[in-house]
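In: Based on what follows, work out the 3D shape:
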Amino acid sequence: MEPLIRVENLSHRYDDGTQALRGVDFVLYPGETVAVFGPNGSGKTTFLLCLSGLLESEGRIEICGLPAERKNFPAIRQKAGILFQDSDDQLFMPTVYDDVAFGPLNLGLEAAEVDRRVRECLRLVDMEAAAGKAPYHLSAGEKRRAALAGVLAMQPEILFLDEPVTFLDPPGRAALVDILGRLPQAKLIISHDVDLARELATRAIFFQNGQIAASGPVEEIIERFRWDTTPRFTH
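Out: Predicted structure coming up:
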């Protein structure tokens, strides 16, 4: 089986001289969900931004058979969608419907196909009733699901998720986890929430000092690094 993502010797240095990634190798196969663990500043988000083409890097990245080069970025961004930690970074149109339609409209699709995608993706995230609402009227969980609908409307093969359940209350978290568990796309999930990884991931990787220090079954990685920083709600 050919991997959807192949990364070889990936490195990135920020303008201030900080070496954020150091020779990272990684593969993601169809149907996999991989949790990305590691302390703050270890390179997790930089890794995701490099894969998304939002940061330039050294080394080799291949997404769905396409080298991560400037000429391929438009095609790659259709194949790999990113859900940011802050939904307000993705929701900017007057209504939820308009937000979800934004990507397909920019592909030049016919109006009927755009409408079909919007309605189908809102149904997938249980947000059909919110189509006409302004995003700023939504709860945090609803915003996250609306942003996810916008990503899904591009019909990606891969989902990049940066702390997807942060700021969500227990009902909002449960709703999003249920939806993510039903989606067929391969997923790369940055999270400090080990319960989320247990529920969704097929394996985990652990970043330290800009490198992948380990890769393996979720429980094995949690135990090896004593990694349990899951936020606990108190009454």
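In: Give me the below-cutoff pLDDT ranges for this structure.
Out: Applying pLDDT under 70 to the chain flags the ranges 228-235.
In: Please enumerate the helices of it.
Out: For the chain, the helices defined by DSSP state H occupy 44-51, 73-79, 96-106, 111-124, 140-152, 170-182, 194-200, 218-225.
In: Deepest in the core, which of those is it.
Out: helix 140-152 (a mean of 24; mean count of other Cβ atoms under 10 Å). Bear in mind the C-beta positions are built from the backbone N, C-alpha and C, glycine included.
In: how long is stretch 212-227 from one end to the other?
Out: 15 Å (Cα to Cα, to the nearest Å).
In: that older thread, need the helices of the chain in a markdown table with distance to residue 188, can you?
Out: Output for those, formatted as a markdown table (distance: least, Cβ to Cβ, whole Å):
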| stretch | distance to residue 188 |
| --- | --- |
| helix 44-51 | 7 |
| helix 73-79 | 13 |
| helix 96-106 | 20 |
| helix 111-124 | 19 |
| helix 140-152 | 13 |
| helix 170-182 | 12 |
| helix 194-200 | 11 |
| helix 218-225 | 14 |
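In: Show me the one of these that comes nearest residue 19.
Out: For residue 19, the closest of the helices of the chain is helix 44-51, at 10.1 Å, according to Cβ to Cβ.
In: which residues touch that closest one?
Out: Outside helix 44-51, the residues within contact range by Cβ atoms under 8 Å, 6 or more residues apart in numbering are 5, 7, 10, 12, 20-21, 24, 26, 36-38, 55-57, 61, 63, 68, 80, 82, 160, 162, 188, 190, 207, 210.
In: just the CA coordinates of it, formatted as CSV?
Out: Taking C-alpha atoms only, helix 44-51 is exported to CSV below (Å, rounded to 0.1, in the frame of the first residue of the first chain):
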residue,chain,number,x,y,z
LYS,A,44,4.4,19.4,16.4
THR,A,45,2.6,22.4,14.9
THR,A,46,5.6,23.3,12.7
PHE,A,47,5.5,19.8,11.3
LEU,A,48,1.8,20.2,10.5
LEU,A,49,2.4,23.6,8.9
CYS,A,50,5.2,22.3,6.7
LEU,A,51,3.0,19.4,5.5
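In: ok, and the closest non-adjacent residue to residue 103?
Out: Leaving aside its chain neighbours, residue 103 sits nearest to residue 154 (4.7 Å; criterion: Cβ to Cβ, 6 or more residues apart in numbering).
In: Based on its surroundings, how many neighbours for that neighbour?
Out: 19 (other Cβ atoms under 10 Å).
In: For it, which residues are in contact?
Out: So residue 154 contacts 77-78, 81, 103-104, 107 (Cβ under 8 Å, 6+ apart).
In: at 10 Å what do you get?
Out: Residue 154 sits next to 77-81, 100, 102-104, 106-107, 117, 121 when contact means Cβ atoms under 10 Å, 6 or more residues apart in numbering.
In: same check, this time on residue 175
Out: Shown in contact with residue 175 (Cβ under 10 Å, 6+ apart): 125-126, 141-142, 144-145, 168.
In: Could you point out which of the residues you listed is nearest to residue 134?
Out: Nearest to residue 134 among the contacts of residue 175, with distances taken as Cβ to Cβ, is residue 142, at 11.4 Å.
In: Not counting sequence-adjacent ones, nearest residue to that closest one?
Out: Nearest one to residue 142, counting by Cβ to Cβ, 6+ apart, is residue 130 at 6.2 Å.
In: From what I see, that neighbour and residue 122 are in contact.
Out: Yes. With contacts counted by Cβ atoms under 10 Å, residue 130 reaches residue 122, the gap being 7.5 Å.
In: which neighbours do the two share?
Out: Common neighbours of residue 130 and residue 122 (criterion: Cβ under 10 Å, 6+ apart): 96-97, 145-146, 149.
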